[in-house]
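Peer 1: Make a model of this:
(2 chains)
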Amino acid sequence: MTGALPELDPVIHAQARLRVVAALSALRTEDRIAFPRLQDILRMTAGNLSVHLRKLEDAGYVEVVKTHHGRTPATLVRLTGRGRVAFDDYTAALHALLNGGAEQKEQS
Amino acid sequence: MEANQDELPPGDPAESLRMIAHERATTGRRLTPDPRLLLWPWGLAWLIGFGVYFLRFGPDEHVYVDMPQFLPLTLLLCLIAIAGIITGVVGARAGRQITGPTSRQGAMYGFTWSVAFSGMGVLLGRVSEVLPVPSANLLWAGSMVALTGALHMAGGAMWNDRVVYVLGVSISVVNVVGIIIGPGWHALIVAVFGGGGMLVAGLVSWLRMAR
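Peer 2: This is a model prediction of the structure:
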């Protein structure tokens, strides 16, 4: 294991989007969360959350669907399979960085 | 400015992992309905309902507190209906926030309770007419408690929730013990251990969540 340290996915490696992806990863695979609830949990403004969701959507990590609950329109968000893989890779990379960093210190 | 800071990467890998753990824990906690709202209405319904039952239909047909015969069962069924409505509303509120397998599961589980209880009520309503009052009361109370124990066990198995499963087992055991000891005592045992057990289970689940 002397390979280069793993690179971190730039889409996820930003504080706001990391929080969004981490929160969504706590849902079950096929579950979708209502936008206002996600906003409430993350304590982000609607505009700010929209901006980051769009970036995650462009990367194919998040799926946003607009639907109706009775007559009220609802926006539902979920992490896609691809997003879940990217999040798992990101977490694995973090662990590798932590361990790699420790090994490098031992070697020097 | 806020957006700019959002784009900044977390300080270091350890901080990233802390953020992930925090966000996942918060989300899980915020999306789980408060177990006190799910269990305490039932615990109180049983404690009060079966308590009154015992006071009217005590052991050896002893009447501790005189009241019309229909009152204890009517009160118990009303309290159970109220508890059912409270848990139904709590469940529906949770279901509006999350759509998908989890809310479908919850809705099917809730529907199971009402169907099972309605079916049982129809049957017992017919059968209990021909039984002596103490036996009819024991049949109603014992069946209701047996069904509740079984449904809690099924729910615990479905959500892999040990507190709920253990509660279901305890309710089932308490029920059998009460039935063996006999009419009168059954209501007291179920009120104290069954109702009390639900209050304790709600408290334990809530304390576990708060940590």
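Peer 1: What segments of chain A are helices?
Peer 2: Along chain A, counting by DSSP state H, helices occupy A:15-25, A:35-42, A:46-58, A:81-107.
Peer 1: whoops, I mixed them up, chain B
Peer 2: Applying DSSP H to chain B gives helices spanning B:2-7, B:13-31, B:35-56, B:70-97, B:101-127, B:133-159, B:162-181, B:185-189, B:196-210.
Peer 1: Output the ones you listed as JSON lines; include the columns mean pLDDT and distance to A:Ala92.
Peer 2: Quick note: C-beta positions are derived from backbone N, CA and C, even for glycine. What follows is those, written out as JSON lines (pLDDT from 0 to 100; distance: least, CB to CB, whole Å):
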{"stretch": "helix B:2-7", "mean pLDDT": "65", "distance to A:Ala92": "23"}
{"stretch": "helix B:13-31", "mean pLDDT": "91", "distance to A:Ala92": "11"}
{"stretch": "helix B:35-56", "mean pLDDT": "94", "distance to A:Ala92": "34"}
{"stretch": "helix B:70-97", "mean pLDDT": "87", "distance to A:Ala92": "30"}
{"stretch": "helix B:101-127", "mean pLDDT": "91", "distance to A:Ala92": "26"}
{"stretch": "helix B:133-159", "mean pLDDT": "92", "distance to A:Ala92": "28"}
{"stretch": "helix B:162-181", "mean pLDDT": "94", "distance to A:Ala92": "30"}
{"stretch": "helix B:185-189", "mean pLDDT": "93", "distance to A:Ala92": "53"}
{"stretch": "helix B:196-210", "mean pLDDT": "91", "distance to A:Ala92": "29"}
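Peer 1: how about the helices of chain A in JSON lines, adding mean neighbour count and mean pLDDT?
Peer 2: Formatted as JSON lines, the helices of chain A follow (neighbours: other CB atoms under 10 Å in any protein chain shown; pLDDT from 0 to 100):
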{"stretch": "helix A:15-25", "mean neighbour count": "23", "mean pLDDT": "95"}
{"stretch": "helix A:35-42", "mean neighbour count": "18", "mean pLDDT": "94"}
{"stretch": "helix A:46-58", "mean neighbour count": "16", "mean pLDDT": "95"}
{"stretch": "helix A:81-107", "mean neighbour count": "14", "mean pLDDT": "82"}
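Peer 1: Of those helices, which is nearest B:Glu61?
Peer 2: With CB to CB as the criterion, B:Glu61 lies closest to helix A:35-42 of these, at 54.2 Å.
Peer 1: And the closest one, what does it pack against?
Peer 2: Using 3 or more CB pairs under 8 Å, 6 or more residues apart in numbering or on different chains; DSSP states H and E, the elements in contact with helix A:35-42 are helix A:15-25, helix A:46-58, strand A:72-79, helix B:13-31.
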